[in-house]
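K.L.:
Sequence first, predicted model second:
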Amino acid sequence: MGVRLLVLVVLSVALMVVDARFTLLKPVRSQMSLVLMQSYWITDLPQRLWQGVASQFGSRTELVAENEKLQTENLLLQGRMQKLAALTEQNVRLRELLNSSALVNEKVEVAELIGMDPNPFTHRIIINKGERDGVVLGQPVLDARGLMGQVVELMPYTSRVLLLTDTTHSIPVQVNRNGLRAIASGTGNPERLELRHVADTADIKEGDLLVSSGLGQRFPAGYPVATVKEVIHDSGQPFAIVRAVPTAALNRSRYLLLVFSDNRTAEERANDAAQAQEAQDQQGGAVTPVVPATVPKPVVPATPAAATAPAAPAAAPATPAAATPVKPVAHPAPVKPAVTRPAAPKPPAAAPASTGGRE
Amino acid sequence: MSRNGWMVWLTFAIGMLLSVSPLPQFMEILRPLWLALLLAFWALALPHKVGMVTAWCLGLAEDVLYGTLLGQNALILTLITFLVLSLQQRLRMFPMWQQSLVILVIFGLAQLVQLWLSALTGNRQPTLALVLPALVSALLWPWVSFGLRGLRRRFKIN
């Protein structure tokens, strides 16, 4: 019996070391999870059934009231959208004036929560979208009100999401009011984040909205993260103590949004932008007036070129280059599989700080 | 040979469901170690059938479920089964409350090992509250034991 114990213990320790250091066991784990993760789905079944029954027997008046409420909400949101379209266009134009790269558009997909992590000391949830649905490691997860966390473990049809409030999680943020940068760390309390190393004199006050700054290269910039709840200036402490409440309903949301954003690294993005710029410059040398930056979409100078073509053949090769859009980053990003990414340097703040290095 | 061995596996499957079932926030911290309880019972009842290898396999399954390092819970459950098996002769003679006490000590030790392992992997739990599941499990032991004994008699599992 003692020999068997010894063998099993050694085996377990070996497995743990291999699992912590290498990716050798990932296929084993995902195969096992294919069967085992069903148990989360099964334990979630009663609640789903209850919801189904409740929706079957919802009274007509309730449904009408809900419908009205949703319509009002929809109207409000549509109204805000109209403004947003104009603002987005204006933003793109201003960015072009400043010669800075355009904002990337993000795509979202709805996922549903199917389970909570049973360990009460970690804040992780399980969602019903996995590798086969195109989810990648480190992908940001939102709910209707703000950022929730990031994907830390991929399984074929499910994935595990580390929430912002986990003690091993930090996210780079900035104050929406003045752009002050900080790092918000989880505290293990679902209603609290803490800003680390904020100077005592920093301009931050109660009620400030913190949005993701995108500096860790993991979360897209500009999503709401938390609102500052209290700022304590303690003369005995080197830094101010800033506590914030996450805007997302971390322990209540059932439907989440997975953000699919530009998968390229910063260098690739910069390279692409530089190449686009170069092409533009070359073309600018040939045809002196570059397409005016204030025009939202490039006016294809096909007609003038065609008109002058018989007279000036030098202008002819410029036409195809001019047809490329002015916005350098606007073309769709090449979708890269996540497997090729681990070589890239890990963002220090956005990555979960578990020393084991497994995510 | 073994009869109705599938019942044992059914109980393990149910135990696995119980160990991931959603609980209110304040009860999460008190979640009993269902798989360990079941393993302890079956190791006492059918030591020729349920042993450390079973425990290890179940532990691996639990690791996948919990997203911990592969081998972490396997190690814990193997240790628990080993301790139960080595105290088997005495445990069978003990009255129920004494059995509960031994279970409390064994599970408490296992949870301490769990604490060390999770500290090694960087997820150190801030409190000693993780001994609470051992306490709850020990309090549940008599009921689990009675229930499973009834099941065993009913289906003549051996």
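P.N.:
Thanks, I have the structure now. Numbers count the residues shown, from 1 in each chain, chains lettered A, B, ... in the order given.

K.L.:
who touches A:Asp133 in this structure?
P.N.:
Residues near A:Asp133 by CB atoms under 8 Å, 6 or more residues apart in numbering or on different chains: A:Glu109, A:Tyr157. No exception for glycine: its C-beta is placed from N, CA and C like everyone else's.

K.L.:
Spell out the residue ranges of the strands in chain A.
P.N.:
Using DSSP state E, the strands of chain A run over A:107-116, A:124-127, A:140-142, A:147-154, A:159-163, A:170-175, A:181-186, A:193-198, A:209-212, A:224-232, A:240-246, A:255-260.

K.L.:
count of residues packed around residue 71?
P.N.:
Since no chain was named, I'll use chain A. Counted with other CB atoms under 10 Å in any protein chain shown, residues neighbouring A:Gln71 total 10.

K.L.:
my bad, the chain I had in mind was chain B
P.N.:
B:Gly71: 27 surrounding residues under other CB under 10 Å.

K.L.:
can you pull the contacts of the nearest residue to it once chain neighbours are set aside?
P.N.:
Closest residue in space to B:Gly71, ignoring its immediate chain neighbours: A:Leu15 at 3.4 Å, by CB to CB, 6 or more residues apart in numbering or on different chains. Listed by CB under 8 Å, 6+ apart, the contact partners of A:Leu15 are A:Leu25, B:Leu69, B:Leu70, B:Gly71, B:Ala74.

K.L.:
pretty sure the fourth one is touching A:Val9, no?
P.N.:
Which is B:Gly71. No. When contacts are counted by CB atoms under 8 Å, B:Gly71 is not listed as touching A:Val9 (9.6 Å).

K.L.:
What residues does chain B have near chain A?
P.N.:
Residues of chain B lying close to chain A by CB under 8 Å from any CB of the partner chain are B:16-17, B:19-22, B:25, B:28-29, B:31, B:51-53, B:56, B:59-61, B:64-67, B:69-72, B:74-75, B:78-79, B:82, B:85-86, B:117, B:121-123, B:125-126, B:130.

K.L.:
tell me the centre residue of chain A?
P.N.:
By CA atoms, centre = their mean, chain A has its centre lying nearest to A:Pro140, at 3.3 Å.

K.L.:
OK, contacts around that residue?
P.N.:
A:Leu147, A:Gly149, A:Gln150, A:Arg218, A:Phe219, A:Pro220, A:Tyr223, A:Leu258, A:Val259, A:Ser261 are the contacts of A:Pro140 under CB under 8 Å, 6+ apart.

K.L.:
now B:Leu109
P.N.:
B:Leu79, B:Leu83.

K.L.:
Could you verify that it is part of a helix?
P.N.:
Yes. The assignment for B:Leu109, made by DSSP: H, G, I helix; E, B strand; the rest coil, places it in a helix.

K.L.:
what's the pLDDT at it?
P.N.:
In this model, B:Leu109 is scored at 93, pLDDT.

K.L.:
Also A:Leu24?
P.N.:
A:Leu24 is given a pLDDT of 85.

K.L.:
Please list only the buried members of the residues of chain B next to chain A.
P.N.:
B:16-17, B:19-21, B:28-29, B:31, B:51-52, B:56, B:59-61, B:64-67, B:69-72, B:74-75, B:78-79, B:82, B:85, B:117, B:121-123, B:125, B:130 (16 or more other CB atoms under 10 Å in any protein chain shown).

K.L.:
In a strand, B:Leu18, correct?
P.N.:
No. Assigned with three-state DSSP, B:Leu18 falls outside any strand and is helix.

K.L.:
Touching, it and B:Trp34? I think so.
P.N.:
Yes. Counting by CB under 8 Å, B:Leu18 touches B:Trp34, with 4.5 Å between them.

K.L.:
So if I had to pick from those two, which one is more boxed in?
P.N.:
B:Trp34 (23 against 18).

K.L.:
Give me the phi and psi angles of the residue nearest to the more buried one when sequence neighbours are not counted.
P.N.:
Closest residue in space to B:Trp34, ignoring its immediate chain neighbours: B:Gly15 at 4.1 Å, by CB to CB, 6+ apart. Main-chain torsions, B:Gly15, degrees, to the nearest 10: phi -60, psi -40.

K.L.:
A:Leu250 now?
P.N.:
Torsion angles, degrees, to the nearest 10, at A:Leu250: phi -60, psi -30.

K.L.:
can you check A:Leu137 too?
P.N.:
Dihedral angles (degrees, to the nearest 10) for A:Leu137: phi -70, psi 140.

K.L.:
tally of neighbours for it?
P.N.:
A:Leu137: 16 neighbours (other CB under 10 Å).

K.L.:
That one contacts A:Val152, doesn't it?
P.N.:
Yes. Judged on CB under 8 Å, A:Leu137 makes contact with A:Val152 at a distance of 7.3 Å.

K.L.:
so where's the chain uncertain?
P.N.:
All of this refers to chain A. Where chain A drops to pLDDT under 70, the residues are A:101-105, A:261-270, A:284-359.

K.L.:
The intended chain is chain B.
P.N.:
For chain B (pLDDT under 70), the answer is B:1-2, B:124-126.

K.L.:
just the helices in it please.
P.N.:
B:5-20, B:25-28, B:34-45, B:52-66, B:72-86, B:88-93, B:96-120, B:132-155 (DSSP state H).
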